[in-house]
Structures are given as C-alpha cells and as structure tokens.
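Novice: For reference, the sequence and a predicted model appear below.
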Amino acid sequence: MKCPVCKDVNLAIADRQGVEIDYCPECCGVWLDRGELNKIIEKSIAEDITPPQTQYGQHNYRDDRYIDNYKYSNKRKRKGLLGELFDFD
C-alpha cells in the first residue's frame, strides 16, 4: 500500500502487541486498519486497571547507612502502551 501523503512510498507494517500498524518510513505517518484503534484503546484500559504486582522481599524501612542516590538513578521510565506501540526506532 502506498503512503497517502508521500504518494510514491510503500508503507511498512509493524506488529506491536497484536496491533498491526502501517507507517511511512519517509514522513513517519501512521495509519491503522479498521478495528485497530479499538484494540489500542482496549489494551490501554486493561493496562490502567491491572494492579501493580506486590514485590516480596522488599522492606519498607530506610537504611540510613547508605547515601541517597535517587537523583542519579539510571532506571528508565516505562514507556507505556502508546510509547511501545509507536516506537519505530
């Protein structure tokens, strides 16, 4: 299928979490087939409803012997459903 914007570029297809997304590698436009937006919305709602899992073995007390390094954490924030779906890099 050709990109509706670029006219001469073929759309690439990516399957993300069961949702088929057509996108243009040239202009980065994104097109969804019938029903795909509904799948994204349903997955987004299900993700919001799912309670966080309890992590056993973690203590809720602070050990003051160690320096706080919370500002320098290298942990990456989870992208979320839409960030994962539309990350074509």
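Specialist: Looks like it arrived, so ask away. Numbering: from 1, shown residues only.

Novice: Go through stretch 5-17 and flag the buried ones.
Specialist: Within stretch 5-17, the residues scored as buried using 16 or more other CB atoms under 10 Å are Leu11. Placement of C-beta: from N, CA and C, glycine included.

Novice: First-to-last residue distance for it?
Specialist: 26 Å (CA to CA, to the nearest Å).

Novice: pLDDT (mean, whole number) over that stretch?
Specialist: Per-residue pLDDT values across stretch 5-17 average out to 90.

Novice: what ranges do the strands span in the protein?
Specialist: Along the chain, counting by DSSP state E, strands occupy 12-16, 19-23, 30-32.

Novice: Show me what the last one packs onto, helices and strands only.
Specialist: Packing partners of strand 30-32 (3 or more CB pairs under 8 Å, 6 or more residues apart in numbering; DSSP states H and E): strand 19-23.

Novice: and the longest helix along the chain, average pLDDT?
Specialist: Identified as the longest helix of the chain according to DSSP state H is helix 36-49. Here helix 36-49 scores 82 as its mean pLDDT.

Novice: tilt between that helix and strand 19-23?
Specialist: 120 degrees (axes from the mean of the first three to the mean of the last three CA atoms, to 10 degrees).
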